[in-house]
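Undergrad: Predicted structure and sequence below. I'll ask about it afterward.
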Amino acid sequence: MALSADPHTDFPTDFRGPVLRPGDGDRYDAARALYQGRAVDEGPALIARCDDEDDVATVLRYASARGIPVAVRGGGHGSDGHAMPGGALVVDLSAMKAITVDPDTRVVRAQPGVLLGELDAAAQQHDLAVPAGTVSTTGVAGLTLGGGIGHLMRRYGATVDNLLACEMVTVDGRKVRADEAENPELFWALRGGGGNFGVVTAFEYRAHPVGPDVVAGQLIFPFEQAADVLAKLPAHMATAPRELGLLAAIAPAPALPMLPAEAHGKPVLVLVPVHSGDPAAADEVIEPLAALGRPVANLVTKMPWLRANTMLDAVAPYGKRMNLRGGYLPELSADVIDTLVANIAAAPSSPGAAANVNLWCMGGAISDDAAEDAMAFSREGAAWLWEAVSMWDSPEHDLEHELWATAVDAAVRPHSLANGYTNLTEDLGGDWRRGVHGSDAKYQRLRAVKAAWDRHNLLRFNKNIAPASAE
Ligand SMILES: Cc1cc2nc3c(=O)[nH]c(=O)nc-3n(C[C@H](O)[C@H](O)[C@H](O)COP(=O)(O)OP(=O)(O)OC[C@H]3O[C@@H](n4cnc5c(N)ncnc54)[C@H](O)[C@@H]3O)c2cc1C
């Protein structure tokens, strides 16, 4: 018998959605493209693009019966590229896009192929929003399973704080529900433990009144003022209202007419406030922020929430090669600020490259709405979240970007907490995974849930939690 290069010649014929293999040309290439450009270096063996939860169950039963590990693609934004590993069998959920919004109960239900821009657009038809992330092409699925932070987190908490239930297909193909009453231990783990336990086929969220207008935009300060303005931010934010979300980024200057041409593309400090409360009350919140320095541009204005929550899309181009490192800071100390400023100045500048460091202000609802042990997502002690991001085009520049990311990480990690937000960093290895959810008790609890729902670790293309019996 001739050997076949296709390891899945017996893939179930009752699977209804498209099935794509390396020989399928453009359709296969389009399906395997992810936000992380490095993911295209290797291709998966089979992409099963599911029509519905029955299709998900069909793939999982097939994989389970043969002991084949399974990768899961939601929105395709995971920085590790775990959604399309080389040679893998992929459950692709990107076609499962149903959303329903009940304006009376404010419950929003979304399938796992929904992107944040689609979720926002549906909820805003009723002047509602689900607290989630800041770039509209990000998937609800991976974002929610990791935690979910964004412009509304100080007011309404993380996405997981607003998650009411999940529907999930188990690795052996059963459909289960997880909420506070049904499978509560699984629900505890799904809120922050990532895609370790099964394939989630629907999320139910609590939405909140937001907009339609908010006051948001960018305050741009010259690089020379960055350290001084950042040093003043913690005291300022300590008394800021919860309605104010704030991101501070040291990032390449946009090509704005008010900036001299020679400054375009060079680092500047950008404060990104989003005031989701009464627009009439925004001035007294935004003006003192601007007065922390002498901004060269003040682009803060009243705008629809849908515009505010897509303004960062412009700096998040799809398909670039990227590195992402991050963690939580207990305080924004002078040492951390000096470290970040020094490192951004040393970032690689190959053609098409861009690097930035971001600081997300925590506090408010994200810090006090839920107890640390209430779910797998950890936030204890976090006053700020830092991220170092770099993007570039060509594999020949991989090494210089890897060295930069490693250098930033080595410099900031000693100031960071052991716990962290799994979604806004690449996987940093076994020791990091043991600490990232907080206490050892939480990690052991996650391992027990993993053993209960995925004993053979079929779902291993992720920030992997080893099943309790495996170590
Ligand atoms: C440009 C950019 C901006 C971002 N902005 C934010 C932000 O503002 N706030 C924030 O919190 N995060 C943000 N993130 C991080 C984001 O939350 C994670 O990358 C998240 O994993 C994306 O989910 P996804 O479904 O798009 O990705 P995918 O790559 O499809 O999924 C990531 C992983 O999640 C798991 N997974 C996905 N779907 C399922 C499912 N249905 N069932 C089980 N497991 C599943 C799989 O393990 C998969 O490998 C951003 C990322 C990028 C690249």
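TA: That came through, no problem.

Undergrad: any weak-confidence spans in this structure?
TA: The chain contains residues with pLDDT under 70 at 1-4, 470-471.

Undergrad: Near the ligand, which residues of it are found?
TA: Residues of the chain lying near the ligand by C-beta under 6 Å from any ligand atom: 35, 72-79, 82-83, 93, 112, 133-135, 138-139, 141-143, 145-146, 148-150, 194-195, 199-200, 316, 423-424, 461-462. C-beta: built from backbone N, CA, C; applies to glycine.

Undergrad: from those residues, which ones fall inside strands?
TA: 72, 73, 199, 200 (DSSP state E).

Undergrad: picking up where we left off before, okay, and which of the residues of the chain next to the ligand map to helices?
TA: Among those, the members found in helices (DSSP state H) are 141, 142, 143, 145, 146.

Undergrad: Tell me which residues touch residue 43, please.
TA: When the contact criterion is C-beta atoms under 8 Å, 6 or more residues apart in numbering, the partners of residue 43 are 22, 28, 32, 84, 86.

Undergrad: quick check, nearest of those to the ligand?
TA: Of all these, residue 84 has the smallest distance to the ligand: 8.2 Å, by C-beta to the nearest ligand atom.

Undergrad: For stretch 282-298, measure first residue to last.
TA: Criterion C-alpha to C-alpha, to the nearest Å; first-to-last residue distance in stretch 282-298 is 14 Å.

Undergrad: Pull out the buried residues from that stretch.
TA: Judged by neighbour count (16 or more other C-beta atoms under 10 Å), stretch 282-298 contains these buried residues: 282, 285, 286, 289, 290, 292, 293, 295, 296, 297, 298.

Undergrad: returning to that earlier point: could you flag which of the ones in helices among the residues of the chain next to the ligand are buried?
TA: 141, 142, 143, 145, 146.

Undergrad: Flag every buried residue along stretch 263-280.
TA: Across stretch 263-280, burial judged by 16+ other C-beta under 10 Å covers 263, 267-277, 279.

Undergrad: Please save the CA atoms from that stretch in CSV.
TA: Extracted in CSV, the C-alpha atoms of stretch 263-280 (Å, rounded to 0.1, in the frame of the first residue of the first chain):
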residue,chain,number,x,y,z
ALA,A,263,9.6,63.4,14.1
HIS,A,264,7.3,61.1,12.2
GLY,A,265,8.0,57.4,13.1
LYS,A,266,10.3,58.5,16.0
PRO,A,267,9.1,57.6,19.6
VAL,A,268,6.6,59.9,21.4
LEU,A,269,4.5,59.4,24.5
VAL,A,270,0.8,58.9,23.6
LEU,A,271,-1.8,58.9,26.3
VAL,A,272,-5.0,57.3,25.2
PRO,A,273,-7.9,58.3,27.5
VAL,A,274,-11.4,56.9,27.0
HIS,A,275,-14.0,58.6,29.2
SER,A,276,-17.2,56.4,29.0
GLY,A,277,-19.2,58.4,31.5
ASP,A,278,-21.3,61.5,30.8
PRO,A,279,-19.5,63.4,28.0
ALA,A,280,-20.4,66.7,29.8
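
Undergrad: For the residue in the stretch 151-300 of the chain that the ligand sits nearest to, grab the count of nearby residues.
TA: Residue nearest to the ligand within the stretch 151-300 of the chain: residue 195 (2.4 Å; C-beta to the nearest ligand atom). By other C-beta atoms under 10 Å, 29 other residues sit near residue 195.

Undergrad: That one contacts residue 145, doesn't it?
TA: Yes: counting by C-beta atoms under 8 Å, residue 145 is a contact partner of residue 195 at 5.6 Å.

Undergrad: Touching both of those two, which residues are there?
TA: With C-beta under 8 Å, 6+ apart as the test, residue 195 and residue 145 reach no residue in common.

Undergrad: Let's see if you can find the most crowded of the contacts of residue 43.
TA: Counting by other C-beta under 10 Å, top hit in the contacts of residue 43: residue 84 with 24 neighbours.

Undergrad: Wait, that one touches residue 30, no?
TA: No: look at residue 84 against residue 30 with C-beta under 8 Å: they stay out of range, at 11.8 Å.

Undergrad: just the helices in this structure please.
TA: 25-32, 53-66, 116-124, 140-146, 153-156, 184-190, 226-238, 283-290, 305-308, 334-345, 365-368, 398-412, 430-436, 440-453.

Undergrad: Show me what the fifth one is packed against.
TA: Helix 153-156 sits against strand 244-252, helix 365-368, with contacts defined as 3 or more C-beta pairs under 8 Å, 6 or more residues apart in numbering; DSSP states H and E.

Undergrad: The longest one pairs with which strands?
TA: Strand pairing for strand 244-252, using DSSP bridges, gives strand 267-275 (antiparallel), strand 354-361 (antiparallel).

Undergrad: Between the helices of the chain, which shows the greatest average number of neighbours?
TA: A comparison of those by mean neighbour count, using mean count of other C-beta atoms under 10 Å, puts helix 140-146 on top with a mean of 29.

Undergrad: What residues does whatever residue of the stretch 201-350 of the chain ends up closest to the ligand make contact with?
TA: Nearest to the ligand in the stretch 201-350 of the chain, going by C-beta to the nearest ligand atom, is residue 316, at a distance of 3.7 Å. By C-beta under 8 Å, 6+ apart, the contact list for residue 316 reads 35, 135, 137.

Undergrad: Using JSON lines, please lay out those residues together with neighbour count.
TA: Output for the contacts of residue 316, formatted as JSON lines (neighbours: other C-beta atoms under 10 Å):
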{"residue": "35", "neighbour count": "22"}
{"residue": "135", "neighbour count": "22"}
{"residue": "137", "neighbour count": "18"}
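
Undergrad: Go through the residues you listed and name the one nearest residue 244.
TA: Distance to residue 244 across those (C-beta to C-beta) is lowest for residue 135, with 20.0 Å.

Undergrad: ok, the closest one - contacts?
TA: By C-beta under 8 Å, 6+ apart, the contact list for residue 135 reads 77, 116, 310, 312, 313, 316.

Undergrad: tell me the phi and psi of the last one?
TA: It stands for residue 316. phi -130, psi 70 (degrees, to the nearest 10).

Undergrad: Determine which two of the ones in helices among the residues of the chain next to the ligand are furthest apart.
TA: Pairwise distances across these peak at 9.7 Å for 141 and 146 (criterion: C-beta to C-beta).

Undergrad: show me what contacts residue 411?
TA: Contacts for residue 411 (C-beta under 8 Å, 6+ apart) come out as 339, 342, 343.

Undergrad: try 6 Å this time
TA: Contacts for residue 411 (C-beta atoms under 6 Å, 6 or more residues apart in numbering) come out as residue 339.

Undergrad: now swap in the one 4 residues further on and tell me
TA: Residues in contact with residue 415, defined by C-beta under 6 Å, 6+ apart, are residue 336.

Undergrad: May I have stretch 407-414 as CSV, with CA atoms only?
TA: Taking C-alpha atoms only, stretch 407-414 is exported to CSV below (Å, rounded to 0.1, in the frame of the first residue of the first chain):
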residue,chain,number,x,y,z
ALA,A,407,16.3,42.5,26.7
VAL,A,408,13.1,44.4,27.6
ASP,A,409,11.8,41.4,29.4
ALA,A,410,15.0,40.8,31.4
ALA,A,411,15.0,44.5,32.4
VAL,A,412,11.3,44.8,33.4
ARG,A,413,10.7,41.3,34.8
PRO,A,414,12.5,42.0,38.1
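
Undergrad: Thank you, goodbye.
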